[in-house]
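Asker: A predicted structure for the sequence below; I have some questions about it.
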Amino acid sequence: MSSSANDTWTGSGQDIRLEAVSKIWGGHRAVDNLSIDIPAGTFTVLLGPSGCGKSTTLRMIAGLESVDQGRILIGGRDITHLPAAERGLSMVFQSYALFPHLSVAENIVFGLKVRRVGRTERDEKLARVAGLLGLSELLERKPGQLSGGQQQRVALGRAIIAERPVCLMDEPLSNLDAKLRHEMRVEIRALQKKLGFTMVYVTHDQVEAITMADQVVLLNAGHLEQAADPRELYRRPATPFAARFIGVPPMNVLPGAALADIDPGLSPHSVGLRPEALVPTDNGPLKARVTSLEYLGADMLIDCETAGAGFTMRLPGDREVAPGSEIRLGFAAQDLHVFDGQSGRRRDDLAEETGRRMAG
Amino acid sequence: MTASHTDTTPQAVAASAPRRKAFDLDTALNTFAAWVLALLWILPLAFAIWTAIHPSAYEARFELFAPLTFENFEKAWAAAPFARYFLNTFMLVSLILAGQFLLCTLAAFAFARFTFPGRSVLFTLVLLQLLVMPDILIVENYKTMRLLDLVDTIPAIALPYIASGFGIFLLRQTFLTVPRELDEAARIEGASVLGILWRVYIPLAKPTYLAYGLVSVSHHWNNFLWPLIVTNSEETRPVTVGLSVFSAIDSGIEWSVINAATLMTTAPLLIAFLLFQRQFVQSFMRAGIK
């Protein structure tokens, strides 16, 4: 169906800008003073635990929820008070929201029909989208006769057929099994790259965020914790929350006193060390007692205790460690994260200072 | 294999026999009761059919091989303008159904998906309408029709029933079951409010429309008292009123002719019910009040 001549997509993305946007539910600030920049044509993931305001933010961008304070711009145009249909975007819902009484073809062209696009143009676009998503054989079926993955593709088809500059997705993969989820992750990402629209994608799954995003916007209780690309988020988390949200198992955040042997100056602050950054060394600076261990095959997770604080480290599965034994641990200076005791923000100056002491 | 099989079978039957017998008694009682009720229910209809297709001599005499005849139907059809009555009834139920669908759909949609001040008060008022016997309002309704100068017209018979509280309630309940996300998806795709109603809500409520339509049609096909009062000419009378006028003309009551006429007037409904029986019952179960 999709000949190469037919395969040029004219759509291109537009940038989205949230300026101090707030949403207030009966006194509770579900989204609090949120400012985000989403560059045109990028894949941005809104990530956070449930109730952090990520879906509300997406629905405000979509125009399904009113904005109480602040403004939203798409392509430089203030769309804060425009109805959803006039914002030039499409959306994929968690439940897919396919119309059960319409066939796959009718579902995909629903928006074109509503906007009175001519039949020939409609059929042309339908054929192209169906070819692209591998739905050509299923066009006459009803959504109820499709598998979860196929329904997901139909929802994608409906979102991309009009070639809108912005596409929003609200946890689109949460109803699929693990294998299919992986396939769809790759497919959605490839589709976004190919068609060039700006994607805003909501999920609570950090794996989805890390694997798909150009930019991850991490939210917590309505606040912006950090907006950065996935590598930056993993390497230089801005807050202890960001540090613990990204990475499996989460980063160990210990009271600074645990490293008092190296740098007494750390005591009022918190220090973060990833489980994979810790290595047993005979004269390492961190003394700990092994409390339990969990063997996973390729590697193992070891729970330790130091100065009353528990933490976890990850070692290759062939290492011999006995529960109850005392070990000394070391880490590379650049793997140490320090968070301010007062503000909770990242303090690279303190980390560097400690690094110098370790070297010296 | 076969030998051992035949050996065990009688034992198995003997073992399970008492339990099966007790179970059978229960079913038998149920079946018996069902049959009795069904026979009681069908008796008048059976009598009407019997008298209608036999000469009047067999009205009270049951003979299996009594001669069949269509004479009674011919007589009844000739005795009163039934064609006109049928046309009137047909126009009446169509008008009521169309009016109810339009009004109840819009009202139900408003109650289901919009928040506006006074919504719950208004909806309570609609529900209260279900508690009012329509017959109480006959005098008031008649006065209103006089005021509108509509007495003795088909719209006069239809108007009091168009704003149906039951219809609004039933459709509202159905619309509430439509997932919000479908509404939102249609909104993002650019559908207007009425477009969403037309393209999403109404198609999804089809079973409810079918069930409600059948109830409404059969109710107004059979309605008698109000049409009797508000009509007084041949051009407006529905079949029910026509039938009663017809059966009152002759002082000598000819049951066979009356029953033939009755059968004629109820036949369209009976046939419709038999055709749609399954959808009818199913859609009511699906549209069940939640």
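Answerer: Alright, I've got the coordinates. Being a predicted model, the structure only gives us computed values, none of them experimental.
Asker: burial of residue B:24, as a residue count?
Answerer: As a burial measure, the neighbour count of residue B:24 was computed by other Cβ atoms under 10 Å in any protein chain shown and equals 11. Every C-beta, even on glycine, is put in place using the N, C-alpha and C of the backbone.
Asker: Same question for residue B:87.
Answerer: By other Cβ under 10 Å, the burial measure for residue B:87, its neighbour count, is 15.
Asker: Equivalent analysis for the one 5 residues further on, please.
Answerer: The local packing count at residue B:92 equals 25, with neighbours defined by other Cβ under 10 Å.
Asker: And the one 4 residues further on, by the same measure?
Answerer: The local packing of residue B:96 (other Cβ under 10 Å) involves 25 other residues.
Asker: So it, which state does it fall into?
Answerer: Three-state call for residue B:96 (DSSP: H, G, I helix; E, B strand; the rest coil): helix.
Asker: so it touches residue B:160, yeah?
Answerer: No. Here residue B:96 lies out of contact with residue B:160, judged by Cβ atoms under 8 Å, at a distance of 9.7 Å.
Asker: for residue A:200, phi and psi?
Answerer: phi -120, psi 120 (degrees, to the nearest 10).
Asker: any idea how far it lies from residue A:73?
Answerer: Between residue A:200 and residue A:73 the computed distance is 14 Å (Cβ to Cβ, to the nearest Å).
Asker: and for those two, which residues touch both?
Answerer: Contact with both residue A:200 and residue A:73 is made by residues residue A:16, according to Cβ atoms under 8 Å, 6 or more residues apart in numbering or on different chains.
Asker: Got the confidence number for residue A:280?
Answerer: According to the predicted model, the pLDDT of residue A:280 comes to 88.
Asker: Give me the phi and psi angles of it.
Answerer: For residue A:280, the backbone dihedrals (degrees, to the nearest 10) come out as phi -70, psi 130.
Asker: I'd guess residue A:226 is in a strand, am I close?
Answerer: Yes. According to three-state DSSP, residue A:226 belongs to a strand.
Asker: Touching, it and residue A:237? I think so.
Answerer: Yes. Judged on Cβ under 8 Å, residue A:226 makes contact with residue A:237 at a distance of 6.7 Å.
Asker: partner residues bridging residue A:280?
Answerer: The bridge-partner assignment for residue A:280, based on DSSP bridges, gives residue A:329.
Asker: if we can go back for a sec, which one of residue A:226 and residue A:237 is surrounded by more residues?
Answerer: Each of residue A:226 and residue A:237 has its neighbours counted (other Cβ under 10 Å); residue A:237 has more, 26 against 22.
Asker: Excluding chain neighbours, give the residue nearest to the more buried one in space.
Answerer: The shortest distance from residue A:237 to any residue that is not its chain neighbour, by Cβ to Cβ, 6 or more residues apart in numbering or on different chains, is 3.8 Å, and that residue is residue A:243.
Asker: for that neighbour, what are its contacts?
Answerer: Taking Cβ under 8 Å, 6+ apart, we find residue A:243 in contact with A:237, A:250-251, A:253, A:272, A:337, A:339.
Asker: what about 10 Å?
Answerer: In this structure, residue A:243 makes contact with A:225-226, A:233-234, A:236-237, A:250-253, A:270, A:272-274, A:337, A:339, A:346, judged by Cβ atoms under 10 Å, 6 or more residues apart in numbering or on different chains.
Asker: same question for the helix or strand hosting it, mean pLDDT?
Answerer: Under the assignment given by DSSP states H and E, the secondary-structure element containing residue A:243 is helix A:240-245. Confidence for helix A:240-245, expressed as mean pLDDT, is 93.
Asker: Go through it and flag the buried ones.
Answerer: For helix A:240-245, a neighbour-count test (16 or more other Cβ atoms under 10 Å in any protein chain shown) marks A:240-243, A:245 as buried.
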